[in-house]
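J.: Pasting a predicted model and its sequence here:
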Amino acid sequence: MEPALRETVTQREQSMVLNDVNMLYHIYATVPPKTQRLMLELQRDNHVEYLLRGLQHLGPSFCSLDAKICCKPFFWHITLCRPWICYWILHSIALLGESVDATLEDKTIDFLSCCQDPDGGYGGGPGQMPHLATTYAAVNALISLGGDRSLTSINRDKMYMFLKRMKDPSGAFRMHDAGEIDVRACYTAVSVARILNILDDELVHNIGNYILSCQTYEGGISGEPGSEAHGGYTFCGLAAMILINEADRLDLPALIDWVVFRQGVEGGFQGRTNKLVDGCYSFWQGGIFALLQRFHSIIGERPTLVDAGGADCSIDSIQTTAESDLSEDEESSDGTSSQDDEACHFQHGGSQEASCSVNDKSAEMGPLYHSIALQRYILICSQDPGGGLKDKPRKPKDYYHTCYCLSGLSVCQHSWLKDEDSSPLPRAVLGPYSNVLEPIHPVFNIVLDRYQEAHEFFTRS
Ligand SMILES: CC(C)=CCC/C(C)=C/CC/C(C)=C/COP(=O)(O)OP(=O)(O)O
Ligand SMILES: [Zn+2]
């Protein structure tokens, strides 16, 4: 296929970002160790406070948060996207190991119920046309909230009818009635159907062929056939293919080749070739590695969760990570890890140095990207110490970037697979060990124990 038309950034734009990032890293390198520790600390309390503030506006004034609050054109046309705001905030709170109080919980469930269309699916606000993106956001928000009231509020029968209506005869999905067909629609539809336990052969039919037609000559996946490969769509395409058990049909070596080159010298990821680094790709691109690592054996025939000793290959096979079980030799008396010094000076590259023999099933495996460098970008360049995270220095914080920077940080911390059930190794975590976030299920981007609660609930009911 002919190369797709590309957007690029100018050298001037690129060097402005590099200057900002290098300046911050230089400051880090020259301040006293105490300040360095502070710069690498996840400001949990401030993030929680910022997030809770966002949920307070759920009433009529919630509309003020709607418009153009995030960086991706994909979200712009959803000018009213309140279920997204609920998901970004609630998922971030869950990642931080916190929860909302009963009043806020009830208010959120009531609000999302008002967004549920009588014929199934969720719109961007009460009375709005149902849309697959806001449906995905509402379902993920309710699962992130957890509890029976939240889960029973989803009308699964009507949801199935809505998904069937969005299914195009080609096999792909439309975002809404008479709306556009793309890879996002395929992912959001199968993600919702799978987690609600309503995915059947009719819904799955021919999705794989559509997604295959979107893998480009670069190796990544585009939104629709003939467009440019992009991290957001590559995540959606790969996750959808995993959900329908067809990931093997993609050219995975080419996909891996594409995504590894999206990590920049800044440590963060860009969304596509010749574009700027952005904190939200910590998840869209970083999450791709988590998907590959956990669900596929393609990576150098390593013993992944998929192929190790005939382990359960299903998406349900991930177990909840146990509470911290640092061994004494790994944790020093001040609670920081014995590897922190190395990690703090960014010389560590431990994740790149992973060695693993093909037949040694207990071997540790590092990720295929520089996890410490990505954590450094998130903590130093994307974190607003006053609460909230952002795209890059000079940009304002927002809930979208807070959600996807934190999701990416969790992926990094949990990316060094020792075994499924263990807590992250201290050397996999940049900064104090208290930075560790809850693990996620990478296919759905939902905190693992909330996913498990929902999975059990919808298997039973
Ligand atoms: C689940 C779901 C709905 C996923 C959405 C995935 C996602 C983030 C898609 C991004 C789409 C896109 C082409 C952005 C380009 O924005 P840009 O040109 O502003 O940014 P760039 O310069 O970084 O490419
Ligand atoms: Zn972004």
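T.: Noted; the coordinates are in hand. Ligands and ions are numbered 1, 2, ... in the order given.
J.: And the residue in the chain positioned nearest to ligand 1, how far from L238?
T.: Among all residues of the chain, G232 sits closest to ligand 1, at 2.2 Å; criterion: CB to the nearest ligand atom. Yep, even glycine has a C-beta here, placed from its N, CA and C like the rest. As judged by CB to CB, to the nearest Å, G232 and L238 stand 11 Å apart.
J.: Look at these two and report which has more neighbours.
T.: Neighbour totals were compared for G232 and L238, and L238 leads with 29 against 22 (other CB atoms under 10 Å).
J.: List the contacts of the residue nearest the centre of the chain.
T.: Residue closest to the average C-alpha location in the chain (CA atoms, centre = their mean): F283, at 4.1 Å. Listed by CB atoms under 8 Å, 6 or more residues apart in numbering, the contact set of F283 reads 235, 404-405, 407-408, 411, 445.
J.: And it, which helix or strand is it part of?
T.: In this structure, F283 sits in helix 281-284 according to DSSP states H and E.
J.: quick one on the thing from earlier: can you pick out the most distant pair from the contacts of F283?
T.: F235 and C405 (14.9 Å; CB to CB).
J.: hey, which helix is longest across the protein?
T.: Determined from DSSP state H, the single longest helix within the chain is helix 11-30.
J.: Low-confidence ranges, the stretch 151-300 of the chain, go.
T.: In the predicted model, the stretch 151-300 of the chain carries pLDDT under 70 at residues 296-300.
J.: Tell me the residues of it that contact ligand 1?
T.: Listed as neighbours of ligand 1 in the stretch 151-300 of the chain under the rule CB under 6 Å from any ligand atom: 184, 187-188, 230, 232-233, 236, 271-272, 275, 278, 284.
J.: where along the stretch 151-300 of the chain do the helices fall?
T.: 156-166, 183-195, 201-204, 207-212, 231-243, 252-260, 281-284, 286-295 (DSSP state H, counting those that start in this stretch).
J.: just these: most buried one?
T.: A comparison of the helices of the stretch 151-300 of the chain by mean neighbour count, using mean count of other CB atoms under 10 Å, puts helix 281-284 on top with a mean of 28.
J.: about what we covered before: now, the contacts of F283 that are in helices?
T.: Short answer: the contacts of F283 in helices (DSSP H) are 235, 404-405, 407-408, 411.
J.: I'd like to know which of these are buried.
T.: Neighbour counting by 16 or more other CB atoms under 10 Å classes 235, 404-405, 407-408, 411 among those as buried.
J.: ok, D101 - how many residues close by?
T.: Neighbourhood size, D101 [other CB under 10 Å]: 9.
J.: So what does it have for phi and psi?
T.: Dihedral angles of D101 (phi, psi; degrees, to the nearest 10) stand at phi -80, psi 170.
J.: Which residues of the stretch 151-300 of the chain lie near ligand 2?
T.: Within the stretch 151-300 of the chain, the positions near ligand 2 by CB under 5 Å from the ion are 278, 280.
J.: wait, I meant the stretch 351-461 of the chain
T.: Along the stretch 351-461 of the chain, the residues adjacent to ligand 2 under the rule CB under 5 Å from the ion are D391.
J.: For the stretch 351-461 of the chain, which segments count as helices?
T.: Using DSSP H, counting those that start in this stretch, the helices found in the stretch 351-461 of the chain span residues 371-376, 399-413, 448-460.
J.: contacting residues around the last one?
T.: When contacts are defined by CB under 8 Å, 6+ apart, helix 448-460 is touched by residues 94, 143-144, 146, 148, 151, 156, 195-197, 316, 318, 320-321, 438-441, 444, 446.
J.: Now it - C-alpha only, PDB.
T.: Extracted in PDB, the C-alpha atoms of helix 448-460 (Å, rounded to 0.1, in the frame of the first residue of the first chain):
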ATOM      1  CA  LEU A 448      -6.900  -5.400  38.200                       C
ATOM      2  CA  ASP A 449      -9.000  -6.100  41.300                       C
ATOM      3  CA  ARG A 450     -11.900  -4.100  39.900                       C
ATOM      4  CA  TYR A 451     -11.600  -6.000  36.700                       C
ATOM      5  CA  GLN A 452     -11.700  -9.300  38.600                       C
ATOM      6  CA  GLU A 453     -14.800  -8.100  40.600                       C
ATOM      7  CA  ALA A 454     -16.600  -7.300  37.400                       C
ATOM      8  CA  HIS A 455     -15.500 -10.500  35.700                       C
ATOM      9  CA  GLU A 456     -16.900 -12.600  38.500                       C
ATOM     10  CA  PHE A 457     -20.000 -10.500  38.700                       C
ATOM     11  CA  PHE A 458     -20.800 -10.800  35.000                       C
ATOM     12  CA  THR A 459     -19.900 -14.400  34.800                       C
ATOM     13  CA  ARG A 460     -22.400 -15.100  37.600                       C
END
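J.: This protein: strands as residue ranges?
T.: Remark: strands assigned in the chain by DSSP state E are 440-441, 446-447.
J.: so does the first one get close to ligand 1?
T.: No - judged by CB under 6 Å from any ligand atom, strand 440-441 stays clear of ligand 1, getting no closer than 13.9 Å.
J.: That strand - contacts with which helices or strands?
T.: helix 399-413, strand 446-447, helix 448-460 (3 or more CB pairs under 8 Å, 6 or more residues apart in numbering; DSSP states H and E).
J.: so which of those comes closest to K107?
T.: Of all those, helix 399-413 sits nearest to K107, with 16.9 Å by CB to CB.
J.: which helices and strands does that closest one pack with?
T.: When contacts are defined as 3+ CB pairs under 8 Å, 6+ apart, helix 399-413 packs onto helix 44-56, helix 82-95, helix 281-284, helix 286-295, helix 371-376, strand 440-441.
J.: how far off helix 448-460 does that helix point, in degrees?
T.: On the basis of axes from the mean of the first three to the mean of the last three CA atoms, to 10 degrees, helix 399-413 is oriented at 100 degrees to helix 448-460.
J.: rank the helices and strands packed on helix 399-413 by pLDDT, which is bottom?
T.: For the helices and strands packed on helix 399-413, mean pLDDT drops lowest on helix 286-295, to a mean of 92.
J.: Just give me how far that helix sits from the chain centre.
T.: Going by CA atoms, centre = their mean, to the nearest Å, the spacing between the C-alpha centre of helix 286-295 and its chain's C-alpha centre is 10 Å.
J.: start at 23 instead
T.: Done: numbering now begins at 23, and the last item shifts to helix 308-317.
J.: That one relative to helix 253-265, how many degrees between them?
T.: Using the same axes, to 10 degrees: helix 308-317 against helix 253-265 is 20 degrees.
J.: helices or strands next to helix 308-317 in the packing?
T.: On a contact count with 3+ CB pairs under 8 Å, 6+ apart, helix 308-317 meets helix 253-265, helix 274-282, helix 421-435.
J.: Report the angle between the first one and helix 205-217.
T.: Just to be clear, that refers to helix 253-265. 40 degrees.
J.: And the shortest one, by the same measure?
T.: Our comparison of helix 274-282 with helix 205-217, counting by the same axes, to 10 degrees, yields an angle of 110 degrees.
J.: Thanks again, I'm all set now.
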